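**Q** With the input below, show me the fold.
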Amino acid sequence: MRHTAHMAMIALLVTAGVALGSAGERQFTFTVKKGDKLDVRLQSGSIAVQTWDKDEVSLRVHSTGDEDLNEVSATQGGGTILVEDHGGCDLSVVARVPATFDLNLMTGAGDIGIKGSITGEVHTSTGGGDVAVGKTTGSVQVQTAGGDIQIEEVSGDVRLNTAGGGVSVRAVAGQAEIMTAGGDMIIGSVAKTLRASTAGGDIRLESVGSDCDVSTSGGSISVGTCTGRTSLRTSGGDIDLRSGKGNLSVSTAGGTVNLRSVQGSVHARTSAGDMNVNLDPAVGESSVISTGAGDIVFTISGDANATIDARSPVFPGSEEESGVRSDFPVVKKKGETVEVKLGAGSHRVQLETRMGEIVIRKK
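**A** Residues are numbered from 1 along each chain as shown. Below you'll find the predicted structure:
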């Protein structure tokens, strides 16, 4: 049975007729239907794909010499156009495909570009080169061993990975997993969960609609809005958040932390740097904000329900009685720690600096 099925598939393969073009070029044309697939596999070379409104795939394969093109095959079978390079020469493939089409594009070394709107799945892989993908309805997977990745709008999920290069993503309606071993990230909006990490570079994120985990081994993190369980981590750099809702975890080995508006809870720390936190605390949660060397400015509404324990050391010889200043009355003082209670005091907040002062401000 398997043998029969295998022979039937071979019988379906149709090698396209070749129309000779200019020197160093071969052309292939296939009649297809919506939902078919283009599968390109090159040992080396670039791949460019553009959509059009025809039920047809047009291929142009370029090379520096005619002899290289004899090792290129283009076949059709089982709803797939398969382009393969058997010679290992440097090629360039330019394809026109219907908008409703799946793409699987692989090259050992070279750039990959997709222009136009694709309604289908997109998988790309290159051993070394840049990848650019336009508007896509469906999931997108991109792998490059060394190069930049640029993505426009994706209605499905996204998985992006580069061993060394920057990443730019405009919008993702699904969930996203984005990784680079070294480079900056610029991410517009992600509707669902996000996981993004770079071994060395800055990360700028506009918005994420669900849980997110963002980290860099060396760089700054800037986030517009986030919702859900959020983790922002850097081994060295500033962290800035405009607006967050949910449980927020923030850490940096050395840098300033600015959390301009958070509804929920905060666990934030920096080994050396100032911290500015504006919190609307959630009932039943707790928050911890600490810095090894730096000032803390903590802002909270007078209508909040919170108990604030603030600890700042007073050094010998100082004329100050405490390293903590508060717009609210202090209800208890013990050593270097003062307590401020607002409303029912249900949300516990710990503020601590080992070298600096703490200011509790009323919003």
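
**Q** Now stretch 60-69: buried residues?
**A** 60-63, 68-69 (16 or more other CB atoms under 10 Å). Just so you know, the C-beta spots here come from the backbone N, C-alpha and C atoms, and that holds for glycine as well.

**Q** Would you reformat the residues you listed as a markdown table and include distance to Gly127, secondary structure and pLDDT?
**A** Output for the buried residues of stretch 60-69, formatted as a markdown table (distance: CB to CB, whole Å; DSSP: H, G, I helix; E, B strand; the rest coil; pLDDT from 0 to 100):
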| residue | distance to Gly127 | secondary structure | pLDDT |
| --- | --- | --- | --- |
| Arg60 | 23 | strand | 96 |
| Val61 | 19 | strand | 95 |
| His62 | 19 | strand | 93 |
| Ser63 | 19 | strand | 88 |
| Asp68 | 19 | helix | 74 |
| Leu69 | 21 | helix | 86 |
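
**Q** Helices of the stretch 1-150 of the chain, start to end?
**A** 2-12, 66-69 (DSSP state H, counting those that start in this stretch).

**Q** weakest of the ones you listed in terms of mean pLDDT?
**A** Ranked by mean pLDDT, the helices of the stretch 1-150 of the chain bottom out at helix 2-12, with a mean of 31.

**Q** so where is the stretch 251-363 of the chain shaky, pLDDT-wise?
**A** 315-322 (pLDDT under 70).

**Q** tell me the strands in it, going along the chain?
**A** 257-270, 275-281, 286-291, 296-300, 306-311, 324-326, 332-334, 337-342, 347-353, 358-362 (DSSP state E, counting those that start in this stretch).

**Q** Rebuild these as TSV, extending it with mean neighbour count and distance to Val49.
**A** Converted to TSV, those look like this (neighbours: other CB atoms under 10 Å; distance: least, CB to CB, whole Å):
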stretch	mean neighbour count	distance to Val49
strand 257-270	20	42
strand 275-281	23	47
strand 286-291	21	50
strand 296-300	22	51
strand 306-311	22	56
strand 324-326	20	62
strand 332-334	11	68
strand 337-342	20	59
strand 347-353	22	53
strand 358-362	18	55
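
**Q** In contact with Asn305, which residues are there?
**A** 281, 283, 342-347 (CB atoms under 8 Å, 6 or more residues apart in numbering).

**Q** Pop out the phi and psi values for the closest residue in space to it that isn't next to it in sequence.
**A** Once flanking residues are discounted, Asn305 sits nearest to Gly343: 3.8 Å by CB to CB, 6 or more residues apart in numbering. Per-residue torsions, Gly343: phi 60, psi -140 (degrees, to the nearest 10).

**Q** In contact with Gly343, which residues are there?
**A** 303-306.

**Q** ok, so of these, who is nearest Arg204?
**A** Ala304 (30.6 Å; CB to CB).

**Q** quick one: low-confidence parts of the stretch 51-200 of the chain?
**A** Where the stretch 51-200 of the chain drops to pLDDT under 70, the residues are 66-67.

**Q** Would you mind giving the contacts of Asn305 as TSV with distance to Ala74 added?
**A** What follows is the contacts of Asn305, written out as TSV (distance: CB to CB, whole Å):
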residue	distance to Ala74
Pro281	63
Val283	64
Leu342	72
Gly343	72
Ala344	73
Gly345	73
Ser346	68
His347	65
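
**Q** tell me the two of these that are most distant?
**A** The distance between the two most remote of these (CB to CB) is 12.5 Å, for Val283 and Leu342.

**Q** picking up where we left off before, quick one, which of the strands of the stretch 251-363 of the chain is nearest to Met179?
**A** strand 257-270 (23.9 Å).
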